[in-house]
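Undergrad: Build the 3D model from these lines:
(chains A and B)
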Amino acid sequence: MNTLNTLITLVLICTFSSIFSQNAPVAVQGKVTYGDGTPIPDATVTVSKDLAVIAQTVTDKDGKFTVTGLEFGNYEIKFKHISYGEVIKTFRLTNNKVKTIDVTLEDEVIDLADVIVSSTSRNLNDISRLPSVKGTAIYASKKNDVVLLDKINANLAVNNPRQVFAKVAGTNVWENDGTGIQLNVSNRGLSPNRSWEYNTRQNGYDIAADIIGYPDNYYTPTMEAVERIEVVRGAASLQYGTQMGA
Amino acid sequence: MNFKMKGAPKNKTFEYNSKQTVGSYKLFNSYNSIGGRKDKVEYFGYFHHRSADGWREMRITG
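TA: Reported below is the predicted structural model:
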């Protein structure tokens, strides 16, 4: 009798363990596709349980994946491909059937923060050019520079001409008072004395004493009140009359 | 060479600027302006002052 009992018990244990071993390793499978049905190969499939990664695989060329060797329980499955947005799903394994999860990945749209590109150099914009034609004046083919005084790095409080005219090529400067009262600049190697080789104007009106005979510049506007200085080089007699400029 | 002076601001009815600079040898420079624009009326004016005791130490000898 004892022997029979033992035998029955053994048979029962074997039966249970065989049922158990059949149920234990279950699997999840599925297919990853794009919105239009195209399979997505090489998408990463990550299965985790209680925040711990259990298994990881990638989809094959048909977008299919299989993860085997799972036990019963609640899982989280994450699908990710570098070109598409991430999808996370949860599933529960309670019987020995293979769980099938098909997902569709969508394009990933990320709104990036604005990128503002700005220049740190002020010196790119402190010199401008005159338009080809302005009013009755033709500046096309004339070498010219427009000094924009609110952009330049110069000591405007003392009318420092070396700084104000620093970007006007070929300018020659004499300083004989050091306070910016009298401006002595020239171009093209001529004498800078009282800027007399220039026809000097303020808002288009001559400010030299005798523009034909002795066109020296006794007076200089304070640079703090000047918006810009237009320097036109070369003879301009067609526009301004004889001997205007050297 | 043409000095184009500052003028009334583009779209403000009133604006003022005041800038003072001091330096060695009693340099004092002051630039002050007001200006404005309303429709076709515009106004602008500035006052400027600069004074200094030369630009080097004055030595009286003899």
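Undergrad: any weak-confidence spans in chain B?
TA: Chain B contains residues with pLDDT under 70 at B:58, B:62.
Undergrad: need the strands for it, in chain order.
TA: With strands called from DSSP state E, chain B shows them at B:2-5, B:15-23, B:27-38, B:41-51.
Undergrad: Dump these to CSV, plus mean neighbour count and distance to chain A.
TA: Just so you know, the C-beta spots here come from the backbone N, C-alpha and C atoms, and that holds for glycine as well. Shown next, in CSV, are these (neighbours: other C-beta atoms under 10 Å in any protein chain shown; distance: least, C-beta to the nearest C-beta, whole Å):
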stretch, mean neighbour count, distance to chain A
strand B:2-5, 19, 4
strand B:15-23, 12, 4
strand B:27-38, 17, 4
strand B:41-51, 13, 5
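Undergrad: Tabulate those in JSON lines, adding columns for distance to residue A:219.
TA: JSON lines is the format used below for the strands of chain B (distance: least, C-beta to C-beta, whole Å):
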{"stretch": "strand B:2-5", "distance to residue A:219": "10"}
{"stretch": "strand B:15-23", "distance to residue A:219": "20"}
{"stretch": "strand B:27-38", "distance to residue A:219": "17"}
{"stretch": "strand B:41-51", "distance to residue A:219": "13"}
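Undergrad: Spell out which residues of chain A are next to chain B.
TA: Proximity of chain A to chain B (C-beta under 8 Å from any C-beta of the partner chain) is limited to residues A:157-158, A:178-180, A:185, A:195, A:198-204, A:207, A:221-222, A:224-232.
Undergrad: Name only those of the residues you listed that count as buried.
TA: Buried subset of the residues of chain A next to chain B (neighbour count, 16 or more other C-beta atoms under 10 Å in any protein chain shown): A:157-158, A:179-180, A:185, A:195, A:198-202, A:207, A:221-222, A:224-226, A:228-232.
Undergrad: Show which residues not belonging to stretch B:37-57 make contact with it.
TA: Residues outside stretch B:37-57 that contact it (C-beta atoms under 8 Å, 6 or more residues apart in numbering or on different chains) are A:157-158, A:178-180, A:222, A:224-225, B:6-13, B:23, B:25-36.
Undergrad: ok, how many other residues are close to residue A:152?
TA: Neighbourhood size, residue A:152 [other C-beta atoms under 10 Å in any protein chain shown]: 20.
Undergrad: Distance of it relative to residue A:227?
TA: As judged by C-beta to C-beta, to the nearest Å, residue A:152 and residue A:227 stand 12 Å apart.
Undergrad: And the pLDDT for residue A:10?
TA: Listed pLDDT for residue A:10 reads 58.
Undergrad: can you pull the contacts of the closest residue to residue A:127 other than its chain neighbours?
TA: Spatial nearest neighbour of residue A:127, chain neighbours left out: residue A:167 (4.6 Å); criterion: C-beta to C-beta, 6 or more residues apart in numbering or on different chains. By C-beta under 8 Å, 6+ apart, the contact set of residue A:167 is A:123, A:126-127, A:145, A:147, A:152.
Undergrad: so which of these is the most crowded?
TA: residue A:147 (25 neighbours).
Undergrad: So that residue sits against residue A:227, correct?
TA: No. Using C-beta atoms under 8 Å, residue A:147 is not in contact with residue A:227, being 9.9 Å away.
Undergrad: centroid residue for chain A?
TA: residue A:115 (4.7 Å; C-alpha atoms, centre = their mean).
Undergrad: Tell me the secondary structure at it.
TA: coil (DSSP: H, G, I helix; E, B strand; the rest coil).
Undergrad: Chain B versus that one, what's the distance?
TA: Applying C-beta to the nearest C-beta, to the nearest Å, the value for residue A:115 to chain B is 29 Å.
Undergrad: Show me chain A divided up by domain.
TA: A:23-105, A:122-234 (automatic domain parsing).
Undergrad: Does residue A:152 touch residue A:126 like I think?
TA: Yes. Here residue A:152 reaches residue A:126: they are 4.4 Å apart, a contact under C-beta under 8 Å.
Undergrad: Next one, pLDDT for residue A:120 please.
TA: 65.
Undergrad: Three-state assignment for the nearest residue to residue A:154 once chain neighbours are set aside, please.
TA: Counting by C-beta to C-beta, 6+ apart, residue A:163 is the residue found nearest to residue A:154 once chain neighbours are left out, at 3.4 Å. When classified by three-state DSSP, residue A:163 comes out as helix.
Undergrad: Now do the contacts for residue A:163.
TA: Residues counted as contacts of residue A:163 (C-beta under 8 Å, 6+ apart) are A:152-155.
Undergrad: Now which of these would you call buried?
TA: Buried, going by 16+ other C-beta under 10 Å: A:152, A:154, out of the contacts of residue A:163.
Undergrad: check which helix or strand covers the residue nearest to residue A:127.
TA: According to DSSP states H and E, residue A:167 maps onto no helix or strand at all.
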